[in-house]
Structures are given as structure tokens and as C-alpha cells.
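Student: fold the following for me, if possible:
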Amino acid sequence: MASHARISTKAAVETTTNKSPVTVILDGAQIRAISTTQRRLVDVTVGKVVSSAGRNRRFGFAPRGAQAPDTILRGVLVAQRWQPGSAVTVISDGEPALRNLVKLATGEQGTHIFDWWHLLIRVQHIEQTIVGMQALETPAHPTISFAAAETDRLRHLQWNCYAEEAWHFMHSIQS
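Tutor: Residues are numbered from 1 along each chain as shown. Now for the predicted structure:
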């Protein structure tokens with residue numbers, strides 16, 4: 001009995017001292033449910049938790065249907081040997097609801113990384129807007145020409161691994 005208590009205590013000490021950093025990859029989406037009588041959208045959140053302590057774990061849920069989405073995420077984190085105070089890196093599209101989900105589940109902000117694909121899509125939206133505006137303007141408007149040149153610079157920053165500078169630059173173009 002005494003040896004069992006020592007083993008349990010030792011395991012508990014090892015567990016609390018081995019705080020495993022994790023990476024959480026999150027994305028939200030809408031699934032269209034179209035029938036002959038109704039159209040509706042269902043919001044879903046999907047993700048993966050990556051940890052050096054174990055295999056990757058994937059999860060998904062409908063936030064409106066889940067009673068406590070943060071509890072679901074926290075359960076996946078704990079299964080990956082995450083503990084409060086452990087480092088959490090989040091890769092997402094920057095959606096505030098996803099950032100808030102991680103904060104609720106961990107009690108911390110964590111380090112957020114805006115994923116490459118979503119950044120490229122946002123640049124593509126800017127480029128398409130510029131093309132549409134150029135098509136509407138018969139004489140070239142200086143603001144549109146400036147935005148087109150700046151978007152070229154933004155794409156250069158992206159493809160040459162200046163992600164943080166590209167992120168800030170993109171917001172300056174949008175405003």
C-alpha cells in the first residue's frame with residue numbers, strides 16, 4: 001500500500017513538472033444544409049492539437065450545439081498532456097471567436113499565428129477588389145493605382161517570408 005502511494009505521488013510530480021507545450025490548429029466553417037423546404041447554415045469548428053507528448057488529436061463540434069465548446073477543447077488539450085501554464089501556440093485564420101475559444105479553454109491568450117493560406121486569400125480579395133475598381137474607373141484613379149502597387153509589395157513580402165510585416169502592411173492597405 002505504501003509503495004502504491006509513492007508511485008502515485010511520483011507520477012503526479014512528474015506530470016506536473018512535465019508541462020508539454022502544444023500547438024492548436026483551428027478553423028471555423030459553415031456547412032450548408034439545403035433541402036427542398038429550407039436553407040440553413042451550420043457553424044462548425046474543427047481543429048487539431050499537436051504535442052510532442054503524444055499523437056495528434058483531431059476534434060470538431062458545432063458551437064451552437066455544444067454546451068461548452070471550451071470544455072471540449074480543454075479535454076483534447078489535457079489528453080495531449082497540456083497543463084495550465086504550458087505554452088500554447090494557436091494557428092488559425094485570426095477569427096476572434098477562435099482566439100476567444102482558446103482563451104476560455106486555457107485561461108491564457110497563447111501565441112497566435114495567422115496561417116499562410118488565409119493570409120493569401122485575403123490578399124486575393126484585395127487584388128480582386130482593385131481589378132473591379134479599375135474596370136469601373138475610366139481614367140486611372142491615383143488611389144487605385146497606389147493600392148495596386150502596394151498589393152504587389154504585399155505579395156512580395158508574403159512569398160519572401162516576411163509574414164508579420166505582410167500582416168501589418170495588409171491592414172494599412174485595407175484602410
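
Student: can you report phi and psi for the nearest residue to Arg122 once chain neighbours are set aside?
Tutor: Once flanking residues are discounted, Arg122 sits nearest to Met170: 6.3 Å by Cβ to Cβ, 6 or more residues apart in numbering. (Each C-beta comes from the backbone N, C-alpha and C, glycine too.) Met170 adopts backbone torsions of phi -60, psi -40, taken as degrees, to the nearest 10.

Student: make sure Met170 is actually in contact with Leu154.
Tutor: Yes: Met170 sits in contact with Leu154 when judged by Cβ atoms under 8 Å, with a separation of 5.8 Å.

Student: could you pull out the helices for this protein?
Tutor: 2-17, 69-79, 96-106, 116-136, 142-159, 163-174 (DSSP state H).

Student: buried stuff in the longest one?
Tutor: Looking back up the chat, that one is helix 116-136. Using 16 or more other Cβ atoms under 10 Å as the test for burial, helix 116-136 gives Leu119, Arg122, Val123, Ile126, Glu127, Ile130.

Student: from these, which single one is nearest Ala105?
Tutor: Leu119 (24.5 Å; Cβ to Cβ).

Student: quick check: the closest one vs Ile113, distance?
Tutor: Using Cβ to Cβ, to the nearest Å, we find Leu119 at a distance of 10 Å from Ile113.

Student: before we move on, back to that, turn the helices of the chain into TSV, columns for mean pLDDT and distance to Gly85.
Tutor: Formatted as TSV, the helices of the chain follow (pLDDT from 0 to 100; distance: least, Cβ to Cβ, whole Å):
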stretch	mean pLDDT	distance to Gly85
helix 2-17	40	10
helix 69-79	91	12
helix 96-106	90	9
helix 116-136	80	29
helix 142-159	77	34
helix 163-174	73	26
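
Student: about what we covered before: what's the neighbour count on the residue nearest to Arg122?
Tutor: 19 (other Cβ atoms under 10 Å).

Student: any idea how far it lies from Leu98?
Tutor: 19 Å.

Student: any idea how far the residue nearest to Ala148 when sequence neighbours are not counted is from Met170?
Tutor: Closest residue in space to Ala148, ignoring its immediate chain neighbours: Ile130 at 5.1 Å, by Cβ to Cβ, 6+ apart. Taking Cβ to Cβ as the measure, Ile130 and Met170 are separated by 13 Å.
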